[in-house]
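In: Sequence plus the predicted model coming up.
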Amino acid sequence: LFDRARDALQTPFLTWQDEQIAYGAFAERVRKASAGLRAAGVSVDDRVAIRVRDKLSHLVAYFGAMAAGAIAVHIWSRRGPEDVAWACRHTAAKVLVSDQVVEGIDCETVPMASLLDCDDSPDLGARPSIAYMMFTSGTTSDPKAVMTTHGNVEFVTNTLIDIGSLQPDDRE
């Protein structure tokens with residue numbers, strides 16, 4: 001992301017609802033989120049639970065966690081406080097990033113808005129092999145936290161690019 005942003009600062013990265021955001025602006029939000037997580041004590045291999053309603057903000061927190069070397073833990077924003085607390089305990093999350101107040105959480109809650117206030121430079125060094133964790137639906141038993149590697153994310157992304165014969169200027 002950061003390399004692409006340097007080469008295409010004004011190139012549209014995504015459009016969400018009425019907002020179009022360029023690579024440079026998105027990378028800047030991610031940089032701030034990563035620095036904010038580091039300032040909150042997050043380091044390499046820590047789990048960062050993310051429960052944010054706004055999808056663009058959730059994406060910023062997700063990329064910010066990865067840039068900080070942490071493992072993002074996606075939590076559906078409609079999950080109740082008991083489910084969120086369970087997910088944080090189950091994954092040993094160090095912090096919960098949220099745009100909502102959640103009671104009964106055993107880890108520090110970091111408001112999403114405060115992440116974007118940080119102007120320090122994040123340490124973009126080591127990263128764990130796991131990119132993120134996402135829960136199964138739990139239809140037959142308790143939900144399971146499925147771990148997905150960076151290699152898997154890269155493979156799937158490259159496969160979709162190949163199947164769609166996508167070019168750098170293409171948009172989906």
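Out: Structure's in. What do you need? Numbers count the residues shown, from 1 in each chain.
In: And for residue 94, the neighbour number?
Out: The tally of other residues near residue 94 (other CB atoms under 10 Å) stands at 22. Quick note: C-beta positions are derived from backbone N, CA and C, even for glycine.
In: From residue 39, how far out is the residue lying closest to it once chain neighbours are set aside?
Out: Nearest in space to residue 94, with sequence neighbours left out and distances taken as CB to CB, 6 or more residues apart in numbering, is residue 46 at 4.2 Å. Distance, residue 46 to residue 39, by CB to CB, to the nearest Å: 13 Å.
In: Of the two, give the one with the bigger neighbour count.
Out: Shown here are residue 46 and residue 39; by other CB under 10 Å, residue 46 has more neighbours (20 against 17).
In: The more buried one against residue 70, yeah?
Out: Yes. In this structure, residue 46 is within contact of residue 70 by CB atoms under 8 Å, at 4.7 Å.
In: what is in contact with these two at once?
Out: Common contacts of residue 46 and residue 70 (CB atoms under 8 Å, 6 or more residues apart in numbering): residue 94.
In: circling back to that earlier point, run through the residues that contact the residue nearest to residue 94.
Out: Contact partners of residue 46, counting by CB under 8 Å, 6+ apart, are 70, 71, 93, 94, 95.
In: Any chance of the backbone angles for the last one?
Out: Going back to what we said before, that points to residue 95. Dihedral pair for residue 95: phi -140, psi 160, per degrees, to the nearest 10.
In: Where do the strands of the protein begin and end?
Out: 12-16, 19-22, 47-51, 71-74, 93-98, 108-111, 130-135, 145-149 (DSSP state E).
In: that older thread, distance of the residue nearest to residue 94 from residue 130?
Out: 11 Å.
In: shared neighbours of those two, anything?
Out: With CB under 8 Å, 6+ apart as the test, residue 46 and residue 130 both reach residue 71.
In: Deepest-packed of the strands of the chain, please.
Out: Highest mean neighbour count among these (mean count of other CB atoms under 10 Å): strand 47-51, with a mean of 27.
In: gap between it and the chain center?
Out: Mean-position distance between strand 47-51 and its chain equals 8 Å (CA atoms, centre = their mean, to the nearest Å).
In: wait, what's in contact with the closest residue to residue 62 other than its chain neighbours?
Out: Once flanking residues are discounted, residue 62 sits nearest to residue 72: 4.8 Å by CB to CB, 6+ apart. Residue 72 makes contact with 48, 50, 61, 62, 65, 66, 131, 132, 133, according to CB under 8 Å, 6+ apart.
In: Tabulate these (CSV), appending pLDDT and distance to residue 118.
Out: Shown next, in CSV, are the contacts of residue 72 (pLDDT from 0 to 100; distance: CB to CB, whole Å):
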residue, pLDDT, distance to residue 118
48, 97, 14
50, 96, 16
61, 96, 13
62, 94, 17
65, 93, 14
66, 91, 16
131, 89, 22
132, 91, 21
133, 89, 24
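In: I appreciate the help and will end here.
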